[in-house]
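1. only geometry, no sequence info:
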C-alpha cells in the first residue's frame with residue numbers, strides 16, 4: 001500500500017510552477033532593483049547637471065557684479081573729475097573777475113589821464129581843462145567816480161581775494177583730493193576684482209555645497225576653475241587697472257597712469273582717452289539752467305551764463321553772451337571753459353609762451369594733442385575790450401589807438417586778451433590758438449618742469465611773498481593795485497610824435513605751485529582687443545587694432561564648470577544631504593549579485609561604474625557654461641565696457657563655446673563629416 005502511494009506521488013505534477021515562480025520573482029526583483037538603480041542614477045545625473053548649471057550661473061553672476069561695480073566706480077571717478085573741473089572753473093572765474101575789474105580801472109585811467117597822479121603834459125593840461133565850464137565839472141565827477149571805484153570797490157575786492165587765497169586752498173588741496181577719492185575707488189575695485197577671481201577659481205564652492213554636499217569639486221577647480229579665472233582675468237586691461245592673474249600689471253591706487261603716453265595705439269593712452277573723453281563729455285556739474293551754478297558752467301562761461309539772471313531777463317542774458325562785435329567801433333566779449341587735456345599738451349613752457357590748446361581741436365602738427373587723456377586740466381575765462389579801430393598803417397607811418405589792440409600787439413598793453421586768431425593762418429578751425437589771459441593750468445609734474453604745480457595767468461602785484469616763478473611786478477603809479485603802465489605811440493611818422501600812457505591789468509603767467517595734477521588715476525578697463533592665441537593665456541597682450549571675434553565672445557568671459565560624480569558618490573551611502581541613498585538597491589557593499597546555476601558563475605553589476613565622458617572618467621560627468629555678457633537694452637551692438645552697469649549673467653550653450661576650450665573644441669571640430677553632428681551630443685553628455 002505504502003509503495004503504491006509512493007509511486008502515485010511521484011507521478012503527480014502539482015508544484016512544478018513553484019520553480020518558475022521563484023525564477024520569475026528573481027527576475028522581477030532584479031528588474032525592480034535595476035529600475036530603482038536607474039531612477040536613482042538619472043536623478044543624480046539631473047541633480048549634478050543642475051548643480052553645475054547653478055555653479056556656472058553663480059560664477060557668471062559674480063563676474064557680472066564685479067563688472068557692474070567697476071562701472072559704478074568708474075562713473076563715480078568721472079563725477080569726481082567733473083567736480084574737480086567745477087572747482088577749477090570757479091578758480092578761473094574768481095581770478096578772471098579780479099583781472100577784469102583791475103582792467104576796468106586801467107581802462108578808465110587810460111581814458112581819463114587827469115584821474116589820480118598826473119604825469120608830464122597832463123600836469124599842465126588837466127588844471128586848464130578843469131576850469132573850462134562844464135568840461136571841468138565832468139572831469140571832476142569822473143575823477144571822483146574813478147577814485148571811488150578804486151578805493152571802495154577794487155582795493156577791497158583784491159584784499160579779500162588775497163586774504164582768502166582760494167587758489168591755494170582749492171587748487172592745492174581740494175582739487176587734488178578728488179584724485180585721492182578716485183584712488184580709493186580703484187582700490188575698492190581691485191578688492192572686488194580679487195574677490196571675484198577667487199570665487200571663480202573655487203567654482204563657487206558654497207553653491208556646490210548647497211546643492212550637493214556629497215560632491216568633490218577639487219578636480220573641477222583645478223581644471224575649469226583655473227581656466228575660467230584666466231578668461232575672467234583676460235577681460236581686464238592690464239594697461240589701465242591690471243589683471244587678476246598678472247600682479248605686474250597692478251597699479252598704485254594713489255598713483256597715475258603714465259602721463260608720458262600719448263601715441264595713437266598705446267594701450268595706456270587709449271585707456272586714458274576713454275576716461276578723459278567720457279569726463280569731457282560729462283562736464284555738467286550742475287543741472288540748473290540758470291542761477292548761481294548754471295548747467296553749462298564748466299563748458300561755457302559766457303557773461304550771460306555766469307551772471308545769476310532770472311528767466312525773465314533771458315533777452316539780456318543772450319545779449320551779454322553774444323557780446324559786442326562791431327570791428328572798428330567796439331568789441332567786447334567774455335567767455336570761458338574748462339576741459340581735460342593730454343600729455344605734453346601743454347607743457348609749462350608752452351603755456352608761458354602763450355599757446356592755448358583748450359579749443360585747439362585740430363592741430364595738424366600734433367593730431368593727438370587735443371584728445372582728452374586727463375594728464376592735465378586747463379580752464380580759462382577770456383575777455384577782450386577794444387574801443388575804436390586798432391591802428392591805421394600807411395607804410396611810412398601809422399596812427400595807433402591806445403584803447404584798441406590788434407592780435408599782434410603785446411598783450412601787456414591791452415585790456416583783456418587781444419590774441420584771438422593769432423597764428424591762425426586764415427583757418428576758422430583755430431580761432432583761439434594763442435589766447436591765455438587769464439587762465440589756470442593744472443599740470444602733472446612732468447609737464448610742469450622744474451617748478452611743480454602748473455601755471456596760472458593772474459594779476460601780478462609788486463610783492464611776491466609766495467615766491468612765484470616768472471613773477472613780473474607791474475610798473476607805473478597804480479602798481480599797488482596790479483595795474484601796469486606802458487607807453488603807446490599814438491602818432492608815428494618816421495619817429496614817434498605823440499605817445500600816451502596805457503594802464504592795463506598786469507596779468508602774466510606764474511608758476512605759483514598751487515595747481516598740481518597727477519593725471520588720471522588707475523581704473524578698471526575692459527579689453528576688447530583680439531588675443532593672439534585661440535585660448536586664454538594669463539600673460540597675453542591683446543592686439544588693440546583688432547576687435548575680438550565672435551568665437552571669443554568679444555572677450556566677454558565664460559565661466560566653465562565640469563563636475564564628476566564617482567560611483568560611490570552616486571550611491572550616497574551616508575545620505576549626507578538627505579536626498580536619498582541607493583545602497584539598499586545594491587544588495588551588498590560590492591553592488592554585485594552572483595548566480596551559480598552551473599559550474600560557471602554569472603554575476604549582475606548593480607553599481608554604476610561605467611566610463612562615460614569620452615571613456616576617460618568613471619561615473620557621471622556634466623559640463624556647463626555661464627557667461628557674463630554686456631547688453632544695453634535695445635542696443636545689442638554696443639561694445640562692452642566698464643562704464644555702464646549693463647553686465648548680466650546667463651547660461652550659455654556649451655557647444656557654441658567649445659572654441660574657448662584648449663582641447664575639446666578642436667577635437668570635436670576635427671570629427672569626420674558624417675559624424676560631425678555628434679559633436680554637440682559628445683560635449684553635452
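-> Structure received. Given the structure is predicted, the values throughout are model-derived calculations rather than measurements. Residues are numbered from 1 along each chain as shown.

2. now residue 332: phi and psi?
-> phi -150, psi 130 (degrees, to the nearest 10).

3. do the same with residue 38
-> Taking degrees, to the nearest 10, you get phi -60, psi -40 for the backbone angles of residue 38.

4. now swap in residue 380 and tell me
-> Dihedral angles (degrees, to the nearest 10) for residue 380: phi -140, psi 160.

5. name the residues that touch stretch 538-557?
-> 63, 228, 230-235, 238, 243, 245-246, 265, 267, 270, 526-534, 627-630, 639-640, 657, 659-660 (C-beta atoms under 8 Å, 6 or more residues apart in numbering). In this view, the C-beta of every residue, glycine as well, is placed from N, C-alpha and C.

6. would you write a ChimeraX line that selects the buried entries of these?
-> In ChimeraX syntax, the buried subset of the contacts of stretch 538-557 is picked out as below (16 or more other C-beta atoms under 10 Å):
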select :63,228,230,231,232,233,234,235,238,243,245,267,270,526,527,528,529,530,531,627,628,629,630,640,657,659,660
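
7. take the contacts of stretch 538-557 and keep only those in strands.
-> Applying DSSP state E to those, the entries found in strands are 529-531, 627-630.

8. tell me the pLDDT of residue 14.
-> With respect to pLDDT, residue 14 scores 63.

9. kindly report the same for residue 617.
-> We have a pLDDT of 68 for residue 617.

10. what's the closest non-adjacent residue to residue 514?
-> Nearest non-adjacent residue to residue 514, counting by C-beta to C-beta, 6 or more residues apart in numbering: residue 171, 4.0 Å away.

11. list the contacts of the one you found.
-> Counting by C-beta under 8 Å, 6+ apart, residue 171 touches 88, 91, 440, 442, 454, 456, 514-515.

12. please pick the buried ones from these.
-> If we count by 16+ other C-beta under 10 Å, those have these buried: 88, 91, 440, 442, 454, 456, 514-515.

13. now tabulate those in CSV and tack on distance to residue 32 and secondary structure.
-> Converted to CSV, these look like this (distance: C-beta to C-beta, whole Å; DSSP: H, G, I helix; E, B strand; the rest coil):
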residue, distance to residue 32, secondary structure
88, 83, helix
91, 87, helix
440, 88, strand
442, 83, strand
454, 87, coil
456, 92, strand
514, 89, coil
515, 86, coil
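
14. sketch out the low-pLDDT regions of the stretch 251-400 of the chain for me.
-> 287-293, 360-370, 394-395 (pLDDT under 70).

15. ok, which stretches of it are helices?
-> 267-281, 303-306, 314-322, 348-352 (DSSP state H, counting those that start in this stretch).

16. closest to residue 477 out of those?
-> The closest of those to residue 477 is helix 348-352. By C-beta to C-beta, the value is 27.7 Å.

17. residues contacting residue 153?
-> residue 101.

18. surely it forms part of a strand?
-> No. Residue 153 is assigned helix when assessed by DSSP: H, G, I helix; E, B strand; the rest coil, not a strand.

19. could you break the protein into its assigned domains?
-> Taking automatic domain parsing as the criterion, the chain consists of the domains 17-72+185-253+529-684, 78-167+258-510.

20. can you say which of these is nearest to residue 177?
-> Across those, closest to residue 177 is domain 78-167+258-510 (C-beta to C-beta), at 8.6 Å.

21. ok now that closest one, how far from the chain's centre?
-> Taking C-alpha atoms, centre = their mean, to the nearest Å, one finds domain 78-167+258-510 lying 32 Å from the centre of the chain it belongs to.

22. measure that domain end to end?
-> With C-alpha to C-alpha, to the nearest Å as the measure, domain 78-167+258-510 spans 29 Å from end to end.

23. got it, and stretch 165-174?
-> For stretch 165-174, the first and last residues are 13 Å from each other (C-alpha to C-alpha).

24. how about that stretch: buried residues?
-> Neighbour counts over stretch 165-174 (16+ other C-beta under 10 Å) mark 166-167, 170-172, 174 as buried.

25. pass me the low-pLDDT residue ranges in the stretch 401-550 of the chain, would you?
-> Residue ranges of the stretch 401-550 of the chain with pLDDT under 70: 424-431, 532-534.

26. can you show me the strands along it?
-> 439-442, 455-459, 483-493, 495-505, 507-510, 529-531, 542-547 (DSSP state E, counting those that start in this stretch).

27. pick the most buried one from those strands.
-> Across the strands of the stretch 401-550 of the chain, averaging neighbours per residue (mean count of other C-beta atoms under 10 Å) puts strand 439-442 on top, at a mean of 29.

28. pull up the pairing partners for that strand, direction included.
-> In the sheet, strand 439-442 lines up against strand 376-387 (antiparallel), strand 455-459 (antiparallel) (DSSP bridges).

29. and these as JSON lines, adding distance to residue 546?
-> Output for these, formatted as JSON lines (distance: least, C-beta to C-beta, whole Å):
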{"stretch": "strand 376-387", "distance to residue 546": "31"}
{"stretch": "strand 455-459", "distance to residue 546": "40"}
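
30. ranking the ones you listed by burial, who's on top?
-> Of all those, strand 455-459 has the most neighbours on average by mean count of other C-beta under 10 Å, namely a mean of 27.

31. can you tell me the centre-most residue of this protein?
-> Centroid-nearest residue in the chain: residue 275, 3.4 Å away (criterion: C-alpha atoms, centre = their mean).

32. check contacts around the residue lying closest to it once chain neighbours are set aside.
-> Nearest residue to residue 275, sequence neighbours excluded (C-beta to C-beta, 6+ apart): residue 520, at 5.2 Å. Taking C-beta under 8 Å, 6+ apart, we find residue 520 in contact with 256-257, 272, 275-276, 373-375.

33. switch the cut-off to 10 Å
-> 77, 81, 179, 182, 240, 256-259, 268, 271-276, 279, 340, 372-375, 444 (C-beta atoms under 10 Å, 6 or more residues apart in numbering).

34. can you tell me how far it is from residue 631?
-> Distance from residue 520 to residue 631, counting by C-beta to C-beta, to the nearest Å: 27 Å.

35. equivalent analysis for residue 216, please.
-> 36 Å.

36. ok, residue 444 next?
-> 37 Å.

37. neighbour count for the two, which is higher?
-> residue 444 (23 against 15; other C-beta atoms under 10 Å).

38. contact partners for the more buried one?
-> So residue 444 contacts 256, 259-260, 343-344, 347, 374-377, 452, 454, 516-520 (C-beta under 10 Å, 6+ apart).

39. any stretches of the stretch 1-150 of the chain with poor pLDDT?
-> Those would be 1-2, 4-16, 113-139, if you go by pLDDT under 70 across the stretch 1-150 of the chain.

40. how far out from the middle of the chain is stretch 48-60?
-> Worked out by C-alpha atoms, centre = their mean, stretch 48-60 lies 32 Å from the chain centre.

41. sorry, wrong one. I was asking about stretch 239-252.
-> Put simply, stretch 239-252 sits 16 Å off its chain's centre (C-alpha atoms, centre = their mean).

42. between the two ends of it, how far is it?
-> Stretch 239-252 has an end-to-end distance of 12 Å (C-alpha to C-alpha).

43. could you do stretch 149-167 as well?
-> End-to-end distance for stretch 149-167: 25 Å, by C-alpha to C-alpha.
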